[in-house]
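Engineer: Quick one, fold the following:
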Amino acid sequence: MSNSTSESLNSTAIPIDSSNPLYLHPSDHPGMILISKSFDGTGFAAWKRGMTIALSAKNKLIFVKENLGQPSDVSQSALWERCNSMVISWILNTLSREIAESVLYTESAHQLWEELNDRYGQANGAKLYQLQKNLCEIHQGNTDIATYFAKVKTNWDELSSLNLVPSCTCGASRIIAKRDEDQRLIQFLMGLNPAYDVIRGSILMMQPLPSINQAYAILTQEETQRGISTTGHFSSESASMNASVHSQSGQYSKFDNKKNLVCSNCKKIGHSTNKCYRIVGFPKDFKFTKTRRGTTNMAFDDGTDTQNQSSQSAPVITTEQYNELLQLLQKSQLTKDSNDTQSIKLIF
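Structural biologist: Residues are numbered from 1 along each chain as shown. Model (predicted):
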């Protein structure tokens, strides 16, 4: 008994080629997670595709694709058990807890793979209906072309995994594949926004119709060109807005400069001589204000402020005097007689 055990240990110590499926790399261990997304009962086609790629990279795809029985040789049998258990652990690590518990007692990786495929991978009418419904409802909307294309292609790939076209030597499979690709191209173009009507018409006019990847490249180039044009348009609008702001700031500066004006006639601040009420005449709503020194001042209503304007106003003349003053002002405005101007100064 001890001799057979020692012979088995010695035989397993014999190095094997790394290309052999029974070879395990020193970094391989049962706790490895080959794909990031775990399978919870939905999206089996995507999970299956990810696991197929990962197991193929590990050179262990033969353990799930083929019913590789346990070898009769003792040394090979031990290596097979190690690799089979390793593959089962890798698959269980990517399953949800409920699904993993339901397939925990399978004896081989091939049986585990077939059970999952029979349970979740069989094409049925409800699954095909859901995929076709998703394809009909997907539109570009507010997303860019890359995001829209990714959504459509995900459903295409899952639909292809359910409806595999068998290969043949007569060339019929290539004709069927081209027909399916043309249908998908039309479906992809139908979901684009109306802004791409022109470029969509150009693609449909090509003979023969381009592939989906070629049409995608044309559309992304058009989207990039529109983004550049939009950026240039916004830049020109920003420049015009800046010019408008500078223009408005110039107007404000001009308005502020009025405060620096001094009338040479009345010596008041805020207006020039050609706008002085003492020369051009007083308006009907003209009011007098009283300064802090007790002298009478005039409030100008030409949109400017005066430094000597009092915060409170009080009448200093009677109504009769005010009416008489208005009559004299009207005469002075018509005749521009210097005598009348002097009489107005005497009244003040």
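
Engineer: Every contact and neighbour count from this point should use C-alpha atoms.
Structural biologist: OK.

Engineer: Just checking, which helix or strand of the chain averages the lowest pLDDT?
Structural biologist: The weakest-scoring helix or strand in the chain, judged by mean pLDDT, DSSP states H and E, is helix 2-12 (a mean of 42).

Engineer: if I pick the spatially most central residue of the chain, what's in contact with it?
Structural biologist: Compute the mean C-alpha point of the chain, and by Cα atoms, centre = their mean the closest residue is residue 143, 7.3 Å away. Contacts for residue 143 were tallied using Cα atoms under 8 Å, 6 or more residues apart in numbering; there are none.

Engineer: which SS class is it?
Structural biologist: Under the three-state scheme (DSSP: H, G, I helix; E, B strand; the rest coil), residue 143 adopts coil.

Engineer: ok, it to residue 133 distance?
Structural biologist: Using Cα to Cα, to the nearest Å, residue 143 is found at 20 Å from residue 133.

Engineer: ok, the closest residue to residue 283 other than its chain neighbours - how many residues close by?
Structural biologist: Distances taken as Cα to Cα, 6 or more residues apart in numbering place residue 277 nearest to residue 283, at 8.0 Å, with adjacent residues excluded. Neighbourhood size, residue 277 [other Cα atoms under 10 Å]: 20.

Engineer: Do you know the pLDDT at residue 277?
Structural biologist: Residue 277 carries a pLDDT score of 74 in this model.

Engineer: Which other helices and strands does the helix or strand containing residue 117 contact?
Structural biologist: Using DSSP states H and E, residue 117 sits within helix 109-120. Contacts defined by 3 or more Cα pairs under 8 Å, 6 or more residues apart in numbering; DSSP states H and E place helix 109-120 against helix 62-65, helix 74-93.

Engineer: cutoff 6 Å now
Structural biologist: Secondary-structure packing of helix 109-120 (3 or more Cα pairs under 6 Å, 6 or more residues apart in numbering; DSSP states H and E): helix 62-65.

Engineer: now the helix it packs on, how far from the centre of its chain.
Structural biologist: 43 Å (Cα atoms, centre = their mean, to the nearest Å).

Engineer: Average pLDDT for it, rounded please.
Structural biologist: Averaging pLDDT along helix 62-65 yields 90.

Engineer: Could you do stretch 75-83 as well?
Structural biologist: Mean pLDDT, stretch 75-83: 87.

Engineer: how near is residue 122 to residue 116?
Structural biologist: In terms of Cα to Cα, residue 122 sits 10 Å off from residue 116.

Engineer: same question, residue 320
Structural biologist: 111 Å.

Engineer: who's more crowded, those two?
Structural biologist: Using other Cα under 10 Å, the more surrounded residue of residue 320 and residue 116 is residue 116, with 16 against 9.

Engineer: Relative to residue 180, how far out is the closest residue to residue 91 other than its chain neighbours?
Structural biologist: Residue nearest to residue 91 in three dimensions, not counting chain neighbours: residue 51, with 7.8 Å by Cα to Cα, 6+ apart. Residue 51 sits at a distance of 27 Å from residue 180 (criterion: Cα to Cα).
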